[in-house]
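**Q** coords please:
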Amino acid sequence: QVHLQESGGGLVQSGGSLRLSCAASGRFDINHDWLTGWFRRAPGKEREFVAAIKWSTGADHYGDSGKGRFTASRDNARNTVYLQMNQLKPDDTGVYYCAAGRAPFTIIEEAGYESWGQGTQVTVSA
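**A** Next up is the predicted model:
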């Protein structure tokens, strides 16, 4: 079982930046094709894929909502994945979740992820 803990959410003005963190612990080996994905749930909407990064190689992938503005990275020594979010818009408001799963699976779909964090709230004011 992998335990995930998000942090870094908060209130920011439109155009601002935030960096989210996702710390992983438990039965977790970065050399075994683990990926961490970021999803978000906006008010009144379904949870959507934001980004994913592979622990072993750093290969990343982004959903349309974050392309060009969001960057995923990882610190293997700290077992932590980050999501740097720039040029934030009010539409980026929501609860952001990190999730972990072992490849191969369809990274944009929730079903492939084995563990989920509790989420961190991001609010972008106009």
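**Q** for the closest residue to Pro104 other than its chain neighbours, give its distance to Asn76.
**A** If the residues on either side of it in the chain are set aside, Pro104 comes closest to Asp33, at 7.6 Å by Cβ to Cβ, 6 or more residues apart in numbering. (Glycine included, C-beta is placed from N, CA and C.) Using Cβ to Cβ, to the nearest Å, Asp33 is found at 14 Å from Asn76.
**Q** ok, those two, which is more surrounded?
**A** A count of neighbours by other Cβ atoms under 10 Å puts Asp33 above the other of Asp33 and Asn76, at 15 against 12.
**Q** what sits against that one?
**A** Contact analysis of Asp33 by Cβ atoms under 8 Å, 6 or more residues apart in numbering lists 54, 56, 102-104.
**Q** just Ala24 next, same as before
**A** 2-4, 36, 79-81, 100.
**Q** for the residue nearest the centre of the chain, grab phi and psi.
**A** Nearest residue to the geometric centre of the chain (Cα atoms, centre = their mean): Trp38, 2.3 Å. With angles defined as degrees, to the nearest 10, Trp38 sits at phi -120, psi 130.
**Q** what sits against it?
**A** 20, 22, 49-52, 70, 72, 81, 83, 96-99.
**Q** most neighbours of all the contacts of Ala24, which one?
**A** For the contacts of Ala24, neighbours were counted using other Cβ under 10 Å, and Thr36 has the most, 30 neighbours in all.
**Q** does it touch Asp75 like I think?
**A** No: taking contacts as Cβ atoms under 8 Å, Thr36 lies outside contact range of Asp75: 11.6 Å.
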